[in-house]
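> Provided below for reference: sequence and predicted model.
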Amino acid sequence: METFKVGMIGCGSISGNHFHAIRHTENAQVAAVCDIRPDRLEKAMQEQAVPGYADYHELLSRSDIDAVHVCVPHYLHGQISVDALRAGKHVLCEKPMGMSLMEAEAMERAQRESGKQLTICFQNRYNGASQRMKKIIDGGSLGRVIGGSAFMCWDRDEAYYQNCYWRGSWEKEGGSVLINQAIHTLDLLRWLSGGLTLKNATMTAKRLADTIETEDTCDMLLENERGNRFIFFCTNCASGNQNILLNLILEKGEMHMDGARLTVVSPDGVTCEDFSAGPGVGKDYWGAGHDLLISSFYAALAAGKAPYITAQDALETTRIMDAAYHSASILRKRP
């Protein structure tokens, strides 16, 4: 089996999930690392026993690198991904897919023009409950999705933003709770419900207005092509990190996700399943799909197929996110 040589661009905290996943992926191997911070770069070089670079262009110039993982702050996702694709590398980019629809479209265009593959790290699609819901919807036993709601209530305090130079700013994070934490939940709602269009969004900084220039709370009203309504809410003002709640109404039943637990209401009765024992690495209150997403990505490359989450697919979630930021009144402060 072909082994893909991987370059890790960005060696901060999220890279640990990627290093772990690559170690457990049969046909992928870290071959180089990159970070502008000398301490992080040196640590990654020692732990991975590979060369390191402060300039990602030097890593991209290596002909033996087949794919790169982009694990840098949001404001660098777009340019690094485009540069990597144009250099002939496959790209696995952490969420979000750029800070704007324009950036995401440039990434998708570079993917098509390069002939290489690009996937975005929406790893919560791989969670057991998410996969079961998708299987039921695609199987058609409960009919079409005709409504739904999703809620993310987490806690991010002042120190979370004050201790990181790029968080909480329009210029470098591109937003806050929606683009950073809740983008996964928005992606699940869109992916499971089919095509959704934003009708209205509001954003506020209820708790952190003195710390960040972006939003800590957001709500949306969305519709599908048949005019069915969906609501979405997220906040970083909660007391602790609560389970993600995602509810779907179908023509012949309902599905209710509460973290890793799934309840399905059908004409045959009510069934409950707990997927909390699933594999992988992730936050204990939500998500363990990095291992599954990354191994799936390299399996697709080996088979000459598109990844499970294509650039075109991820672009649709970014389209809603971007529309929400442009719809919300908080943008009066956005440069």
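Happy to help now that I have it.

> where does the stretch 201-335 of the chain dip in pLDDT?
Regions of the stretch 201-335 of the chain meeting the criterion pLDDT under 70 cover residues 278-288, 329-335.

> all helices of it, in order?
Assigned by DSSP state H, counting those that start in this stretch, the stretch 201-335 of the chain shows helices spanning 290-303, 311-327.

> Could I get the ones you listed in JSON lines, plus columns for distance to Met99 and mean neighbour count?
(C-beta placed from N, C-alpha, C; glycine too.) Written out in JSON lines, the entries for the helices of the stretch 201-335 of the chain read as follows (distance: least, C-beta to C-beta, whole Å; neighbours: other C-beta atoms under 10 Å):
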{"stretch": "helix 290-303", "distance to Met99": "21", "mean neighbour count": "20"}
{"stretch": "helix 311-327", "distance to Met99": "9", "mean neighbour count": "21"}
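
> In JSON lines: the ones you listed, plus distance to Asp155.
Formatted as JSON lines, these follow (distance: least, C-beta to C-beta, whole Å):
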{"stretch": "helix 290-303", "distance to Asp155": "22"}
{"stretch": "helix 311-327", "distance to Asp155": "21"}
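
> Figure out which of those helices is closest to His57.
In this view, these are compared for proximity to His57 by C-beta to C-beta, and helix 311-327 is the closest at 22.1 Å.

> From the contact counts, what lies against the closest one?
If contacts are counted by 3 or more C-beta pairs under 8 Å, 6 or more residues apart in numbering; DSSP states H and E, helix 311-327 sits against helix 101-114, strand 118-121, helix 183-193, strand 196-204, strand 217-224.

> Within its sheet, name the partner strands of the fourth one and how each one runs.
Which is strand 196-204. strand 217-224 (antiparallel) (DSSP bridges).

> just to revisit the earlier point, wait, which of the helices of the stretch 201-335 of the chain is closest to Lys199?
helix 311-327 (8.7 Å).

> Also compute the angle for the closest one relative to helix 101-114, please.
Using axes from the mean of the first three to the mean of the last three C-alpha atoms, to 10 degrees, one finds that helix 311-327 and helix 101-114 are set 160 degrees apart in direction.

> mind starting the numbering at 746 from now?
Noted, 746 is the first residue going forward, which turns the last one into helix 1056-1072.

> Touching helix 1056-1072 from outside, list them.
Here helix 1056-1072 makes contact (C-beta atoms under 8 Å, 6 or more residues apart in numbering) with 841-843, 845-846, 849-850, 852-853, 856-857, 863-865, 867, 919-920, 923-924, 928, 931-932, 935-936, 940-943, 945-946, 948, 963, 965, 967, 1076, 1079.

> same question, stretch 999-1010
Counting by C-beta under 8 Å, 6+ apart, stretch 999-1010 makes contact with 872-875, 877-878, 881, 887, 988-993, 998, 1015-1021, 1023, 1030-1031, all of which sit outside it.

> hmm, try it at 6 Å
874, 877-878, 988, 990-993, 998, 1016-1021 (C-beta atoms under 6 Å, 6 or more residues apart in numbering).

> Stretch 927-943 too?
With contacts defined as C-beta under 6 Å, 6+ apart, stretch 927-943 is touched by 840-841, 867, 869, 875, 878, 890, 893, 895, 897, 967-970, 979, 989, 1062, 1065, 1068-1069.

> Could you do stretch 839-859 as well?
The set of residues that contact stretch 839-859 without belonging to it, under C-beta under 6 Å, 6+ apart, is 759, 816, 819, 822-823, 826-827, 830, 863, 865-866, 919, 924, 928, 1056, 1059-1060, 1063-1064, 1067.

> which ones are touching the residue of the chain positioned farthest from its centre?
Relative to the C-alpha centroid of the chain, counting by C-alpha atoms, centre = their mean, Asp1013 is the outermost residue, at 34.7 Å. Contact analysis of Asp1013 by C-beta under 6 Å, 6+ apart lists nothing.

> ok, now which ones touch Cys898?
By C-beta under 6 Å, 6+ apart, the contact set of Cys898 is Thr980, Ala983, Gln987.

> so the first one sits right up against Thr962, yeah?
Yes: when contacts are counted by C-beta atoms under 6 Å, Thr980 is listed as touching Thr962 (4.2 Å).
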